[in-house]
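# I'd like to go over a predicted model; first the sequence, then the structure.
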Amino acid sequence: MCPPDYFGIEYEINPWMHKDVNADYVTARQQWRDLKELLERVGAQIELMEPVKGLPDLVFTANAALIWQDQAYLSRFRHGPRQGETPVDDQWFRSHDFDTQLPPEHLNFEGAGDALFCGETLFGGYIVRSDAGAIQWLGSELHCRVIPLQLVDERYYHLDTCFCPLSPTEAIWYPPAFDEYGQLAIESAVPTLSKVSDEEATRFACNAVVVGKHVVMNTGCPKLEVALQQLDYETHATPLDEFLKSGGSAKCLTLRLDGEEAAVWR
Ligand code: ARG
């Protein structure tokens, strides 16, 4: 995680961001700290990254890279204002015993925001931020099956805003964020799917962090909490509204370094 010292809404690169609706610094800090403490309470060990002035979205560490074993597949951000994050991420990973690799030059890719393992398969969101070719490139690097999913609703511009693997066979999703083909692909690959409502999708219900049988998410997603409890998960809600102003929530604010709960390779 990266503390939100320089977090703010300084540009608009998704429909949630409005420069005239800036985040409240004090509240954002509090919400970030509460999230960190909650994650620690459910068993996570948190490594920190030093915030950098002028990089307000560095807090969204999910976008730093896709992690696979000791490899960090770095992002090549679509939008200029975030491109300065990559050298900072690269440096962090190298000094923490990861090997780093950049996607081929002509391909955009936004890390774990758009690439999530569920079982043996890597699901990749494309077109809004990452390119489909970047997902193919990862498949050939990792020798794994990839399912590229076109994202069709600009509000759900990263895969982790509309799809959240819980275990190798279970995931949370918001079907309208995908085209019909993508919906069929997810339905045939993931046996147990928990659908979120329109309203809870706008509360970033799908942007949850899974730690064992604990699921940490933004407040305002009561229906999803009930559905997850029926699947034997313990749910925890914590307010993250200041980060929603930037189009991010719990999951975006974290990057799992030891492999996602749902990834078979861990
Ligand atoms: N303001 C950031 C952006 O638009 C938010 C990133 C959220 N991260 C995520 N993994 N969905 O790029």
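Sure, I can see it.

# and residue 190, how close does it get to residue 167?
10 Å (Cβ to Cβ, to the nearest Å). C-betas here are computed from N, CA, C, even on glycine.

# the more surrounded of those two?
Set side by side, residue 190 and residue 167 give different neighbour counts by other Cβ atoms under 10 Å, the larger being at residue 190 (24 against 20).

# contacting residues for that one?
With contacts taken as Cβ atoms under 8 Å, 6 or more residues apart in numbering, residue 190 has the following neighbours: 118, 119, 165, 169, 170, 171.

# residue 103: how many residues sit nearby?
As a burial measure, the neighbour count of residue 103 was computed by other Cβ under 10 Å and equals 22.

# contact partners for it?
Contacts for residue 103 were tallied using Cβ under 8 Å, 6+ apart; they are 73, 74, 75, 76, 109, 134, 137.

# which of the residues you listed fall in helices?
Secondary structure from DSSP state H places 134, 137 of these in helices.

# now render the contacts of residue 103 as a markdown table, adding pLDDT and neighbour count.
Putting the contacts of residue 103 into a markdown table (pLDDT from 0 to 100; neighbours: other Cβ atoms under 10 Å) gives the following:
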| residue | pLDDT | neighbour count |
| --- | --- | --- |
| 73 | 98 | 25 |
| 74 | 98 | 23 |
| 75 | 98 | 30 |
| 76 | 98 | 19 |
| 109 | 98 | 29 |
| 134 | 98 | 26 |
| 137 | 98 | 19 |
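
# helices of the protein, residue ranges please.
Shown for the chain, the helices assigned by DSSP H span residues 25-41, 80-83, 85-94, 132-142, 180-189, 198-202, 222-230, 241-244.

# residues in contact with the closest residue to residue 104 other than its chain neighbours?
Nearest in space to residue 104, with sequence neighbours left out and distances taken as Cβ to Cβ, 6 or more residues apart in numbering, is residue 137 at 6.1 Å. Taking Cβ under 8 Å, 6+ apart as the definition of contact, the neighbours of residue 137 are 103, 104, 107, 109.

# could these be laid out in CSV, adding distance to residue 180?
Listed next are the contacts of residue 137 as CSV, based on distance: Cβ to Cβ, whole Å:
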residue, distance to residue 180
103, 28
104, 30
107, 26
109, 25
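
# spatially, which two of the residues you listed are the most separated?
Maximum pairwise distance in the contacts of residue 137, criterion Cβ to Cβ, is 9.3 Å, between 104 and 109.

# identify the contacts common to these two.
When contacts are counted by Cβ under 8 Å, 6+ apart, residue 104 and residue 109 are jointly contacted by 134, 137.

# quick check: chain neighbours aside, which residue is closest to the closest residue to the ligand within the stretch 1-150 of the chain?
For the stretch 1-150 of the chain, the residue positioned closest to the ligand under Cβ to the nearest ligand atom is residue 113, at a distance of 3.1 Å. Nearest in space to residue 113, with sequence neighbours left out and distances taken as Cβ to Cβ, 6+ apart, is residue 158 at 3.9 Å.
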